[in-house]
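Q: sequence-free structure coming up:
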C-alpha cells in the first residue's frame, strides 16, 4: 500500500513501529521499534533466537506481522506500508531487495546470466510481455544493452569480471556471497537487506565483502543486515540495533552498543540482576 508522500524525516528510509509477531503461543517479536537512516549501514544483532530473522521476514513480506507498522520512504518522498504489500510488490514497487543466509544462486547459469535474470522484469516490460524481443525491436535492444551494462558494472564492483562466463556454482564460497549481493543490486533497490552476509567467510573474504558493502553505501543505497560476526558489524556499521528475546535492548552507534552493559550481559548469557555488576566492571575498566 502506498501513502503517497508524508512528513517522515527525510533522513529515514525505514521506520518500524511497535512490531509484534506471534506464532501460536510464542511471542517472537514484542513491541519492537527502530529506524534505519538513508545512506547508512544498519546492523540488527542479538544472540541466537533473539528474533532477528523474524524481523527481516516481516520487513520483506515473508511474514505478515501480528501488530505494528513498517514504513519505507523512497528518495522521491513516496512511502509504502510494507506490511500491507505482497512480497513481490515489496521488491518491485517499494524497491527493497534481500539476500538469504543460505545462498540461492542459479548454480547452472553463468555469473553474468545470474545478474541478467535479476533484471527479468525490465526486459519483459521492454518486450511488451510477448515475443517482440525476438524481433530485435529498438526498445528491447536498448533495454537488453542496458541490462548487460548494469550486470558488468556490478561484476566489476564485486570483483567478479574475470569469472563472468563461469557457472555460478563453480565460484568459491566468498565469491558466491558477493555475486548474490551483486544480483540483488541489479534490481535497483533503495534498501538492501542482507541476512548473515559474512557467515562462513574467512578473513580475506570478509575484507572483500566489507569493501563491496562500503561501495554500495557510497552509492546512496541503504543497507540493513543481520550478522553474527561482531568484527564485521563493528567495522562497517553506522548504526546498530540489538534484540534479545524479541525486544530491543540497545540502539546506537557501534561504540555505544559494544559498551552497553545490557548487550554484554545478553551475549554472556547472564541474568538481569547481574547487569549492575557488569556496569561496575566497565566503570573499573575490567571489561
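A: Everything's here; your move. As the structure is a computational prediction, the values presented were derived from the model and not from experiment.
Q: how many neighbours does residue 246 have?
A: For residue 246, the tally of surrounding residues (other C-beta atoms under 10 Å) stands at 23. To be clear about C-beta, it is placed using only N, CA and C from the backbone, and glycine gets the same treatment.
Q: Tell me how far it lies from residue 14.
A: For residue 246, the distance to residue 14 (C-beta to C-beta, to the nearest Å) stands at 19 Å.
Q: where are the low-confidence patches of this structure?
A: For the chain, the stretches with pLDDT under 70 are 1-8, 121-141, 143, 268-287.
Q: Can you spell out the domain ranges of it, please?
A: Following automatic domain parsing, the chain resolves into domains at 1-95+189-287, 106-188.
Q: I'd like the distance from the last one to the chain centre, please.
A: The reference is to domain 106-188. 20 Å (C-alpha atoms, centre = their mean, to the nearest Å).
Q: List of residues touching stretch 210-218?
A: Contacting residues not belonging to stretch 210-218 are listed as 39-41, 157-159, 178, 181-182, 185, 192, 194, 197, 223, 225, 232, 235-236 [C-beta atoms under 8 Å, 6 or more residues apart in numbering].
Q: now residue 243: how far from residue 197?
A: To residue 197, residue 243 is 18 Å away according to C-beta to C-beta.
Q: swap in residue 112?
A: Distance, residue 112 to residue 197, by C-beta to C-beta: 21 Å.
Q: For the stretch 51-200 of the chain, just list every one of the helices.
A: According to DSSP state H, counting those that start in this stretch, the stretch 51-200 of the chain carries its helices in the segments 52-59, 87-92, 111-117, 120-126, 138-157, 173-185.
Q: Of these, which is nearest residue 261?
A: In terms of C-beta to C-beta, the element of these nearest to residue 261 is helix 52-59, at 20.7 Å.
Q: so after the helix or strand in which residue 217 is found, what's the next helix or strand?
A: For residue 217, the element it lies in under DSSP states H and E is helix 203-218. Later in the chain than helix 203-218, the nearest helix or strand by DSSP H and E is strand 222-226.
Q: Please name the strands paired to that next one in the sheet, noting orientation.
A: The strands that strand 222-226 pairs with in its sheet are strand 41-45 (parallel), strand 191-195 (parallel) (by DSSP bridges).
Q: how big is the angle separating it from helix 52-59?
A: 140 degrees (axes from the mean of the first three to the mean of the last three C-alpha atoms, to 10 degrees).
Q: Export the helices of the stretch 51-200 of the chain as CSV, with columns for mean neighbour count.
A: Formatted as CSV, those follow (neighbours: other C-beta atoms under 10 Å):
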stretch, mean neighbour count
helix 52-59, 23
helix 87-92, 16
helix 111-117, 21
helix 120-126, 15
helix 138-157, 16
helix 173-185, 22
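Q: Switch the ones you listed over to a markdown table; also include distance to residue 210.
A: A markdown table is the format used below for these (distance: least, C-beta to C-beta, whole Å):
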| stretch | distance to residue 210 |
| --- | --- |
| helix 52-59 | 20 |
| helix 87-92 | 25 |
| helix 111-117 | 21 |
| helix 120-126 | 30 |
| helix 138-157 | 13 |
| helix 173-185 | 11 |
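Q: Ends of stretch 72-88, what's the gap?
A: Taking C-alpha to C-alpha, to the nearest Å, stretch 72-88 runs 15 Å from one end to the other.
Q: Just give me how far that stretch sits from the chain centre.
A: With C-alpha atoms, centre = their mean as the basis, stretch 72-88 stands 15 Å off its chain's centre.
Q: So for it, what gets flagged as buried?
A: 72, 73, 74, 78, 79, 80, 82, 83, 85, 87 (16 or more other C-beta atoms under 10 Å).
Q: Can you tell me which of the residues you listed is nearest residue 150?
A: Nearest to residue 150 among the buried residues of stretch 72-88: residue 74, at 19.4 Å, using C-beta to C-beta.
Q: At the geometric centre of this protein, which residue sits there?
A: residue 193 (1.1 Å; C-alpha atoms, centre = their mean).
Q: count of residues packed around the closest residue to it other than its chain neighbours?
A: Spatially, and ignoring its direct neighbours in sequence, residue 193 is nearest to residue 98 (4.3 Å; C-beta to C-beta, 6 or more residues apart in numbering). By other C-beta under 10 Å, 22 other residues sit near residue 98.
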